[in-house]
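Trainee: turn this into a structure:
(one chain, ligands or ions: 1)
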Amino acid sequence: MPDDKIKTISVVGLGHVGIVTSVCLAEMGYNVICVDIDKNKVELINEGKSPIFEPEVPELITKALNQNKLVAITDVQRAVTNSEATFITVGTPTIKGKIDLKAIKSATEMVGKGLADKNPYHLVVVKSTVIPGMTERVVIPLIEESSRKSEGTDFGVCVNPEFLRESDAVQDFRNPDRIIIGSNNDKAGDALERIFSDLNSLVIRTDIRTAEMIKYANNAFLATKISFINEIANICKEIGVDANNVAEAIGLDFRIGPYLLRAGLSFGGSCFPKDIQALISASNSVGYNPILLTSVLEVNRKQPLKLIELAKELLGSLNGKNVAVLGLSFKPNTDDMREAPSLTIIPALIEEKANVTVYDPEAIRNAKKIFRKKVKYASNTLDALKGADCMMIVTEWDEFEKLPLAEIKGLMRTPFIVDGRRIINPETVKREGFKYKGIGWKD
Ligand code: NAD
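Mentor: Predicted structure coming up:
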């Protein structure tokens with residue numbers, strides 16, 4: 001264990017970030033008390049089950065429980081009192097385009113109350129994504145008020161933005177590109193740097209506000225890259241050029257790079273859409289109109305509907321047609337459907353009066369809570385495609401790349417494929433007698 005002073009760490013908020021942080025800190029040798037107000041999550045973790053679908057997490061929970069390195073509870077104050085450092089990892093969603101600080105405020109207040117009865121120095125780490133200025137204006141004053149202690153002497157605060165990618169989250173925690181530590185005094189920053197010292201990563205030390213801004217700028221750039229290539233793909237289709245060839249070639253320019261340069265549907269998930277929206281709103285509130293970021297969101301809003309246009313090019317009216325939607329999660333290897341393109345595409349299909357059958361390897365449970373009886377739920381790909389007039393690929397799960405084409409052709413009513421992720425080779429499926437349309441595909 002790298003820090004000889006900090007042995008026990010509490011983690012408040014057990015979503016993707018909190019769970020991954022908890023199990024990875026336990027793997028590093030710390031004793032971890034993880035906390036959530038959601039009793040179900042706490043019970044699941046203590047039973048050795050993961051509340052989220054994320055590779056390696058179930059095994060790490062079991063290992064940490066067996067080594068007595070992890071316990072989950074619902075009492076934030078107790079967790080803080082019994083630890084030397086606390087990571088705050090609660091959600092920061094947007095409501096009507098603005099960041100909602102309800103969870104962070106209530107968590108922070110509880111952390112402060114936990115500190116009230118504690119004498120030794122305590123480190124508080126804000127890992128949740130918060131708008132620049134919020135830690136100084138909201139988090140620190142709330143802790144000081146509820147603990148009646150002073151930041152800098154009794155406790156320290158750092159901002160440590162999280163960059164993990166869902167579905168690769170554990171690997172990203174273990175091998176970060178860099179660790180950002182924002183603090184307004186060295187004592188807090190040094191303590192957090194020691195906690196992470198075993199990760200042997202490049203550490204960037206900044207003040208608190210800069211660390212907060214780095215997270216938003218990072219996400220804004222990545223989201224812009226995705227909307228950029230989607231816009232290029234839409235132009236490519238109209239002028240008869242394959243967008244994939246263009247993306248591959250420009251990705252080789254080292255100033256551009258190949259990552260996130262694959263034309264497809266919108267960016268979704270729990271971060272990009274809400275963070276760009278929150279940054280736009282924060283910019284407006286200081287008198288700056290960020291027109292580029294507004295356009296990035298606008299391209300993203302419209303992009304899933306391109307798939308409906310492609311389906312209509314093949315089928316004409318969708319009224320009464322059987323459409324099999326393959327993939328519901330916002331990306332493969334997760335069951336997370338937050339802001340997923342399927343949430344735009346499926347209601348649009350229903351609006352067009354199509355009969356919709358959906359299949360996803362992991363997200364069906366979440367989908368049932370959203371679409372209830374409005375769609376049919378298939379238990380596998382072939383089941384979804386029985387009698388279908390059109391296959392619509394919405395998420396690029398591996399299994400959709402290796403479809404048994406001859407068998408599928410026999411199952412479908414009309415062999416039409418609309419590919420939102422460009423995972424099907426158009427020439428191969430055309431040879432098998434399918435009609436194909438794909439985002440950015442020249443036809
Ligand atoms: P989430 O919304 O999935 O989970 C948050 C958890 O916090 C929930 O389980 C909720 O019950 C709990 N919670 C709320 N109030 C609480 C309180 N007062 N005390 C204890 N628990 C409380 O969030 P997430 O996706 O893990 O994201 C957490 C933060 O990390 C957000 O700010 C997000 O923007 C940021 N982030 C997320 C990702 C990601 O991929 N999910 C990546 C980087 C950064």
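
Trainee: how about the helices in the stretch 151-300 of the chain?
Mentor: Using DSSP state H, counting those that start in this stretch, the helices found in the stretch 151-300 of the chain span residues 169-174, 186-195, 208-239, 243-251, 272-285, 291-302.

Trainee: reformat those helices as JSON lines; add distance to the ligand and mean neighbour count.
Mentor: Quick note: C-beta positions are derived from backbone N, CA and C, even for glycine. Listed next are the helices of the stretch 151-300 of the chain as JSON lines, based on distance: least, CB to the nearest ligand atom, whole Å; neighbours: other CB atoms under 10 Å:
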{"stretch": "helix 169-174", "distance to the ligand": "7", "mean neighbour count": "18"}
{"stretch": "helix 186-195", "distance to the ligand": "16", "mean neighbour count": "20"}
{"stretch": "helix 208-239", "distance to the ligand": "7", "mean neighbour count": "19"}
{"stretch": "helix 243-251", "distance to the ligand": "24", "mean neighbour count": "17"}
{"stretch": "helix 272-285", "distance to the ligand": "6", "mean neighbour count": "20"}
{"stretch": "helix 291-302", "distance to the ligand": "16", "mean neighbour count": "16"}
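
Trainee: okay if I get these as a markdown table plus mean pLDDT?
Mentor: A markdown table is the format used below for the helices of the stretch 151-300 of the chain (pLDDT from 0 to 100):
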| stretch | mean pLDDT |
| --- | --- |
| helix 169-174 | 96 |
| helix 186-195 | 97 |
| helix 208-239 | 97 |
| helix 243-251 | 96 |
| helix 272-285 | 95 |
| helix 291-302 | 97 |
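
Trainee: same list, those, but as CSV with distance to Glu136 please.
Mentor: Listed next are the helices of the stretch 151-300 of the chain as CSV, based on distance: least, CB to CB, whole Å:
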stretch, distance to Glu136
helix 169-174, 26
helix 186-195, 13
helix 208-239, 6
helix 243-251, 39
helix 272-285, 14
helix 291-302, 23
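
Trainee: nearest to Pro347, of these?
Mentor: Judged by CB to CB, the one of the helices of the stretch 151-300 of the chain that comes nearest to Pro347 is helix 291-302, at 13.3 Å.

Trainee: let's test this: mean pLDDT of the next helix or strand after the closest one, rounded?
Mentor: Moving toward the C-terminus from helix 291-302, the next helix or strand (DSSP states H and E) is helix 305-315. Taken as a whole, helix 305-315 carries a mean pLDDT of 96.

Trainee: can you give me the buried ones in helix 305-315?
Mentor: Buried residues in helix 305-315, counted by 16 or more other CB atoms under 10 Å: Lys306, Leu307, Ile308, Leu310, Ala311, Lys312, Leu314, Leu315.

Trainee: do stretch 150-162 as well
Mentor: If you call a residue buried by 16+ other CB under 10 Å, then stretch 150-162 has these buried ones: Glu151, Asp154, Phe155, Gly156, Val157, Cys158, Val159, Asn160, Pro161, Glu162.

Trainee: of all these, which two lie farthest apart?
Mentor: It's Asp154 and Glu162 that sit farthest apart of the buried residues of stretch 150-162, by CB to CB, at 25.9 Å.

Trainee: thinking again about what came up before, tell me which of the buried residues of helix 305-315 is nearest to the ligand?
Mentor: Distance to the ligand, by CB to the nearest ligand atom, is smallest for Leu307 among these, at 24.3 Å.

Trainee: can you give me the neighbour number for Gly240?
Mentor: Look at Gly240: counted by other CB atoms under 10 Å, it has 9 neighbours.

Trainee: give the full set of residues in contact with it.
Mentor: Neighbour list for Gly240: Lys442, Asp443 [criterion: CB atoms under 8 Å, 6 or more residues apart in numbering].

Trainee: and for the one 3 residues further on?
Mentor: Contacts here follow CB under 8 Å, 6+ apart; on that basis Ala243 touches Ile229, Ile232, Ala233, Cys236, Lys237, Ala263, Arg422, Ile439, Gly440, Trp441.

Trainee: try it again with 7 Å
Mentor: By CB atoms under 7 Å, 6 or more residues apart in numbering, the residues touching Ala243 are Ile232, Ala233, Cys236, Ala263, Gly440.

Trainee: I'd like these as TSV, with distance to Glu144 appended.
Mentor: Output for these, formatted as TSV (distance: CB to CB, whole Å):
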residue	distance to Glu144
Ile232	50
Ala233	51
Cys236	55
Ala263	49
Gly440	53
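
Trainee: which one is Pro120 nearest to, not counting chain neighbours?
Mentor: Nearest-residue entry for Pro120: Glu84, 7.1 Å, with adjacent residues in sequence omitted and distances by CB to CB, 6 or more residues apart in numbering.

Trainee: quick check: phi and psi at the one you found.
Mentor: Torsion angles at Glu84 (phi, psi; degrees, to the nearest 10) stand at phi -110, psi -20.

Trainee: the one 4 residues further on now?
Mentor: Here is the backbone geometry of Ile88 (degrees, to the nearest 10): phi -100, psi 120.

Trainee: distance of it relative to Leu142?
Mentor: In this view, Ile88 and Leu142 are 11 Å apart by CB to CB, to the nearest Å.

Trainee: can you list residues touching both of the two?
Mentor: Jointly contacting Ile88 and Leu142 under the rule CB under 7 Å, 6+ apart are Thr108.

Trainee: quick one, which of the two is more surrounded?
Mentor: Taking other CB under 10 Å, Ile88 and Leu142 do not tie; Ile88 has more neighbours (29 against 20).

Trainee: can you tell me which residues contact that one?
Mentor: Counting by CB under 7 Å, 6+ apart, Ile88 has contacts Val12, Gly13, Ile104, Ala107, Thr108, Val111, Val124, Val125, Val126, Lys127, Ser128.

Trainee: if we use 10 Å, what do you get?
Mentor: Each residue near Ile88 by CB atoms under 10 Å, 6 or more residues apart in numbering is listed here: 10-13, 17-18, 76, 103-104, 107-108, 110-111, 124-128, 130, 135, 139, 143, 157, 159-160.

Trainee: look up which residues are beta-bridged to it.
Mentor: Following DSSP bridges, Ile88 is listed with bridge partners Val12, Val126.

Trainee: since we're on the residue nearest to Pro120, how many residues are nearby?
Mentor: Glu84: 21 surrounding residues under other CB under 10 Å.

Trainee: ok, now Ile350?
Mentor: By the measure other CB under 10 Å, the count of residues near Ile350 is 16.

Trainee: nearest residue to it other than its sequence neighbours?
Mentor: Lys374 (5.9 Å).
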